[in-house]
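[1] With the input below, show me the fold.
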Amino acid sequence: MPVEWTFAGHILQLGGKAVDGTSEIAAADARRQTVTAEAIVDHLRTQPGMILADEVGMGKTYVALAVVASVLASTKRNGDPVVVMVPPGLLGKWRREWQRFKAKCTVAGSFAWMDGRDKVATTPTEFFKLLDDPPAKRARLIFLKTSCFAQGLGDPWIKLAFIRYARSHTKMTDEERKRIHKWAGELTLQKGKGLSPDLIRHMMKTDPTDWKGRLVDEGVLDEGDDDPVPLHLDRCKDSLDYRELIDVLRNEIPGRSGALSKSTLKSARQQFNDACQGLYWQWLDRVKWKASLLVLDEAHHAKNDSTRLAGLFRSDDLTALVEGRQDAKHPDLWQKADRMLFLTATPFQLGHDELIRVLRSFAAVAWAGSEAPSKSREDFLKSLEVLKARLNENRLAGRRLDTLWGRMSPDSIRSAAGSTEPFAGWLDATQPSPSLVVEEVRTAIAEGRRSKVAAERDSVEPWNGLNHWVVRHNRPTNLPKLATETNGSAILRRVPRAGVAIQDSSEESVSFSDGLTISGAAALPFLLSARAQAELAVAPSAKARAFFAEGLSSSYEAFHHTRDERNNVRDDHDEEVADEVLPEIVVPLEWYEDHIAELIPQKTKTADCYGHPKVRAVVERAVELWLTGEKVLIFAFYSQTVKALRDHLRREVDSRLASLAAARLGIESAEEAHAVVVRVGNRFNDPDSPFQKALEALLNAELAGYPALKASHAHIYQALATYVRTPAFITRFMPLEDPAFREAIQYGESRSEVIQAGVGAFASSFASRVDGSGMSMRERIHKFLSFANELALESAIVTVDDDEDNKSPLAEYLDAVLGRIQDDDDDSGRQSRGSRAFGVVRAVLGETKRDVRERLMLAFNSPLFPELLVSSGVLGEGVDLHRFCRHLIHHDLCWNPSSLEQRTGRLDRIHCKAEVARRPIIIYLPFIAGSADEKMFRVVRDRERWFQVVMGQKFELDERTTENLASRIPLPSEIASELLFDLRRWRDTRDA
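    The predicted structure is shown next:
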C-alpha cells in the first residue's frame, strides 16, 4: 500500500510573494519548482526514495521544502516527524529557509499549527527529548546535523542514568554504593553544579524518569527544562548490556577517602566514559523511532561505504538484513523512515558504482506495514542491480567513444561531414564515411545513445530506470523572460570570455580565443616551463607533473612557493596524485626551476611581480569593471596568488582613483585632487552642511518606502551615508566634473545660489549616473533596501533558539556591511584608513577566521564594500554572492570542471543581479598562451563535455596524459547533448 501523501498545491505558492504581491522569482523557475516537487511527492507514495539533483543555484532547498510541507500537511493528524539532516554548517540556513518558506511560499495561516513545532537538535539526546513531548506539542519537523548520530556521549544525565540502570541489574555492597554517591559528580564532571552526594543518593534510588522534580526543587534545573533523561532511553534500559559499566563501578572508582591524584581520577574517568560510550552506542542501535520522511542534503558525501555518513544507511550485512537474520548488523537509520529524499548537485561526478551505493541507502526505509513501498526490498535491490549493469554498459560505451574521439583529426571531421562545416550531418548521416576512424566513432555514438536510453528509463519495469530515482534539471541557456518582455531577443545567462578576451570590455561570448601573449625577456621563463613539461610528457619512465609550471602560470609569488614547498604542493581537486618519483629526462627539473627562479622577480619585489602577464590582465580588468561601478569576484587556487592579487588590486585602485579624480576635477596634481575629494567627504559629513542635508533627504526618501525597516533606520542610514562619503564613491559617482558642484564645494555656505546649484548637481547624479550594468546608485540602494526589507520580514518570522546567536538576520547583515566600510582588517592584511582604496578590496583564504569570512560574504552581497573580493576555493561551495555581482574571474582554473561550475554557481543563482539588471553573468577564463595555463584550459574544456557523458570519469594529471587531452578536438555540444541523461520533470516550451 502507498503512503497517503498528496502534493499540497492548494496551500503552496512556490516562487514566493514580494511586497507588491508579485512572485519573487521568475514564473518559469516557480513553475519548474512546483512541477518537480509534485512529481517527487507522487513518486514517494510508492517507492522508497528519490534523489533531487538540480544544478547549483536552481532552488533545490525550496523544492525539498515543498515536499516536506506536503508530507506535513498529509500527516497532520498523528503523523511521525519529518527529519532533515544537513551538514553542520548549513543547519541554521535550512532552519531559516524553512521559516521563510512558510511565510513566503504558503497560504497565510496554512501552517499555523506548526508554530513552535519545528526544532533543531544537535545530539541524539536532544533529538529523543523532542520525540518525548506530548503529541499536541511534539516537534513535527526536526533539523539534525549529519554528524548527530556519530557524536560521542557528552551528556552527564545520560551517564548518571546508565549508573542507575547498571545498579538495578546487579547487587552492590554498601561500600560500593557509597563510592558511587561520592564520586559520581567527579566522573560526570558535574561536581560543583548542585549534585551533592545526598542528591545523587536520592537519584540512585529513583527512576530517572522521576528525577526532574527533585532537581527542580534543588535548583539544578528549571521548571521549563526538559526531563534530563529521555523516555526513549528508559524504554530500552532492559535491553542493554551493563557488564562493562558494572565492572568499572566495582573496580575502578576510587575507594579511599581524601585527595586523589589527577592521574588516578583521570584514569577512572576514562574507564567510566568508555563503558558509558559502549552503552550509548547500544542505545542508539536499539532505540525505536520513525520519521515519515528523512531528507539528506549533500548526499554525495555518502558515496563511500566506509564513511560514517554512509554507515547510517548502509551495512555490509545488507543481504543478511534482507533475509531477516537476527545476527545481522543493521545501520543506525535502518527502518527509521517511511521514505527518503536525498539532495545533491553533482550526481554525475559520482561513478556509476558510487551512485548505485547512494541509491542503495533507500533500502533502509521501513519496509513493513501498510505504508511500505509498493515492491519488496528484494525487488528494489534487484532493480538496482539491473540499473547498475545498464549504467556500466553506458559507461563502457562512453569510454570507448572517448578513446576513439581522441584519434579524431580536423581533416577526418571535415571529410566525414562531406562539408566545409565541421560535424554537419554527423548525427543523421546515412552514407558510410571513407574514414575507418569516423565510422568507428559513429558506431560508438550510436551505442552511447542506445545504452543511454536503456539506462535512463524502462517503460515495462520503471524501477529499472535511472529517471525513476533521480530528478535533475540543468540551468537554461538564457535568462528567464519577464512578463513585460513580450518581444526582443533572448538574453544569454552566461557569457564566457576566455584567454586574451579579458583584455577588452566587450560582453560578447568568447568560449575560446588565443591566450595572453608575452614577448621579449618576460617570455623566457614560460618557454623554459613549457619545455620542462614537454620533456616530462615524453619521458619513458614514471609519470610526473611539473607543479612549478602551474604555479608560474598563476603568479610569480606562487612559483616561488611551489618551488620551496614542492613536496607539500597538491591541488585540492586532483583526482589522481602525480607520481612523486621524477623520471629521468634530458635536463633535470631542478635545472629548469633554478633558471626560472633567476629570471623572474623575487617575491619580495612587489612592483616587479605585478609584471606577471595574467596577474596584470586580471587586475586591470577587475579595476576597469570596478570603476564603472561593478563588483567583481575573483577565484585563485594558490594562497600566494590570492594575497598578491589583493595587494596589486589595492595599489591599482588607489592609483586609478588618484588619476580619475585629477582628470574629473581638471587638476594636474593627484595630491591636490585627493585633498578636494577629502573636502567633499567632509562636507557630506558635516551635519550643518547643505550637502549632508541633501544626502539625508535622499536616503530618508528611499527609506520611507520600507516601513518594515523603521526600527533599523539609523543603522541603515549610517551604512549608506558612510559609504557615500568614501573616496571610492566620491571619485566614481559624484559629479566632480560639473562646474556647479566644484564651485559649491570650493565656497563655504556664504553663496546660497552656488550651494543650491551644487546640491542639485549631486542629487541629479545620484539618479542619473549608472554602473556598468545600467543601474543608477538610486536603483542600487533600492535593491539594497529591498533585500534588507526581506531580512526584516524574515527577522519577524525566524525563531532564534536560546543556543543560537541572538542577532536577527537583518542585524547580522547590517553589522557586516557597516563593519566592512569602517574596518579594513580582513585577517589577511590591514590597509590605512587614509588610503583612497580603503574598504574596496578584500581577500578570503582558508586561514581567514570563520566569523570574518561570514561577515565578508554578507557584506559582498550588498551594493556597498567590499567591491572586489579575491578568494581561494574556500568560497567555492555553499555560499551566496549573487545579489550585486555578475562578473567572475577564474584566475586559476581547476582540473575538475565541477569545481569551476560550483564557483560560478556563487553568482549564478535565482534572483541574481544578472536577472535583475537583464545583463548576462560575465565569466573570465584568462590563460597565458603556450603555458601550463593554456594546457589546463584545453583539458578542462575537453573534460567539461565528457564529464556527464562518462559518469564519474577520472583522469590522471601527469604531463603525458594532460598533453594528450589538451591536443584533442572538443566534443561538439550537439553530440554531447545526445548522450546526456534527460532526468527532467519539467520542460519549458516557451522561448527562454
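[2] Ramachandran coordinates for Leu869?
    In terms of degrees, to the nearest 10, the main-chain angles of Leu869 are phi -120, psi 120.
[3] residues contacting it?
    631-634, 841-844, 856, 860, 875, 881 (CB atoms under 8 Å, 6 or more residues apart in numbering). Just so you know, the C-beta spots here come from the backbone N, C-alpha and C atoms, and that holds for glycine as well.
[4] again, only this time at 6 Å
    633, 842, 860 (CB atoms under 6 Å, 6 or more residues apart in numbering).
[5] Any chance of a ChimeraX selection covering the buried ones in those residues?
    The ChimeraX command for the buried members of these (criterion: 16 or more other CB atoms under 10 Å) is given here:
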select :633,842,860
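[6] Export the contacts of Leu869 as CSV, with columns for pLDDT and distance to Ser383.
    Below are those laid out as CSV (pLDDT from 0 to 100; distance: CB to CB, whole Å):
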residue, pLDDT, distance to Ser383
Leu633, 98, 44
Arg842, 93, 51
Phe860, 91, 46
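[7] Out of the contacts of Leu869, which sit inside strands?
    633, 842 (DSSP state E).
[8] Nearest to Gly520 among the contacts of Leu869?
    In terms of CB to CB, no member of the contacts of Leu869 lies closer to Gly520 than Leu633, at 32.6 Å.
[9] separation between that closest one and Leu90?
    Distance, Leu633 to Leu90, by CB to CB, to the nearest Å: 21 Å.
[10] Dead centre of this protein: give me the residue that sits there.
    By CA atoms, centre = their mean, the chain has its centre lying nearest to Gly878, at 1.2 Å.
[11] That one: what secondary structure?
    Applying DSSP: H, G, I helix; E, B strand; the rest coil to Gly878 yields a three-state assignment of coil.
[12] and it, backbone torsions?
    Gly878 adopts backbone torsions of phi 70, psi 20, taken as degrees, to the nearest 10.
[13] which residue packs closest to Tyr242, ignoring adjacent ones?
    Ala166 (4.2 Å; CB to CB, 6 or more residues apart in numbering).
[14] I'd guess the one you found is in a helix, am I close?
    Yes: counting by three-state DSSP, Ala166 is located in a helix.
[15] what's the neighbour count on Val441?
    For Val441, the neighbour count with other CB atoms under 10 Å is 23.
[16] Now name the helix or strand holding it.
    In the assignment (DSSP states H and E), Val441 maps to helix 436-456.
[17] Could I get the average pLDDT for that helix?
    Mean pLDDT, computed over helix 436-456, is 90.
[18] same question, stretch 383-400
    94.
[19] Pull out the buried positions in it.
    By neighbour count on 16+ other CB under 10 Å, the buried set for stretch 383-400 is 383-384, 386-388, 390-395, 397-400.
[20] what angle sits between the one helix or strand Ala397 maps to and helix 436-456?
    Mapping Ala397 onto the secondary structure by DSSP H and E places it in helix 377-405. With axes from the mean of the first three to the mean of the last three CA atoms, to 10 degrees defining the directions, helix 377-405 sits at 160 degrees from helix 436-456.
[21] quick revisit: between the contacts of Leu869, which is nearest Ile745?
    Closest approach to Ile745 among those (CB to CB): Arg842, at 30.1 Å.
[22] The closest one contacts Leu856, doesn't it?
    Yes: between Arg842 and Leu856 a contact is recorded at 5.5 Å, counting by CB atoms under 6 Å.
[23] that older thread, which single one of the buried residues of stretch 383-400 is nearest to Phe342?
    When the buried residues of stretch 383-400 are compared against Phe342 (criterion: CB to CB), the nearest one is Leu384, at 14.3 Å.
[24] If you count neighbours, what's buried in stretch 312-330?
    312-315, 318, 321-322, 328, 330.
[25] got the CA coordinates for it in CSV?
    Only the C-alpha atoms of stretch 312-330 are listed here, as CSV (Å, rounded to 0.1, in the frame of the first residue of the first chain):
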residue,chain,number,x,y,z
LEU,A,312,23.9,5.5,8.9
PHE,A,313,22.1,4.0,5.9
ARG,A,314,24.1,1.0,4.6
SER,A,315,25.7,-2.1,6.1
ASP,A,316,28.0,-4.9,4.9
ASP,A,317,25.3,-7.2,6.2
LEU,A,318,22.6,-6.0,3.8
THR,A,319,22.0,-9.4,2.4
ALA,A,320,21.6,-10.9,5.9
LEU,A,321,19.3,-8.0,6.8
VAL,A,322,17.1,-8.6,3.8
GLU,A,323,16.9,-12.2,4.7
GLY,A,324,15.9,-11.2,8.2
ARG,A,325,18.8,-12.9,10.1
GLN,A,326,18.9,-11.9,13.7
ASP,A,327,22.7,-11.7,13.9
ALA,A,328,22.9,-9.2,11.0
LYS,A,329,24.3,-5.8,11.9
HIS,A,330,21.9,-3.0,10.8
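[26] thinking again about what came up before, out of the buried residues of stretch 312-330, which two are the most distant from each other?
    Leu312 and Val322 (17.9 Å).
[27] looking at it, Ser765 is touching Asp738, isn't it?
    No: with contact defined as CB under 6 Å, Ser765 and Asp738 do not form a contacting pair (7.6 Å).
[28] Residues touching the helix holding Val441, excluding its own?
    Residues outside helix 436-456 that contact it (CB under 6 Å, 6+ apart) are 390-391, 393-394, 397-398, 400-401, 404, 407, 412, 416, 433, 466-467, 978-979, 981.
[29] List the strands paired with the very next helix or strand once past it, with their directions.
    Sequence order places strand 470-471 as the next helix or strand after helix 436-456, per DSSP H and E. Paired strands of strand 470-471, with direction, are strand 49-52 (parallel) (DSSP bridges).
[30] residues in contact with the helix or strand following the partner strand?
    The helix or strand immediately downstream of strand 49-52 is helix 60-74, counting by DSSP H and E. With contact meaning CB under 6 Å, 6+ apart, helix 60-74 is reached by 5-8, 12, 14, 33, 36-37, 40-41, 52, 54, 82, 97-98, 101, 140, 292-293, 295, 343.
[31] This completes my enquiry, with thanks.
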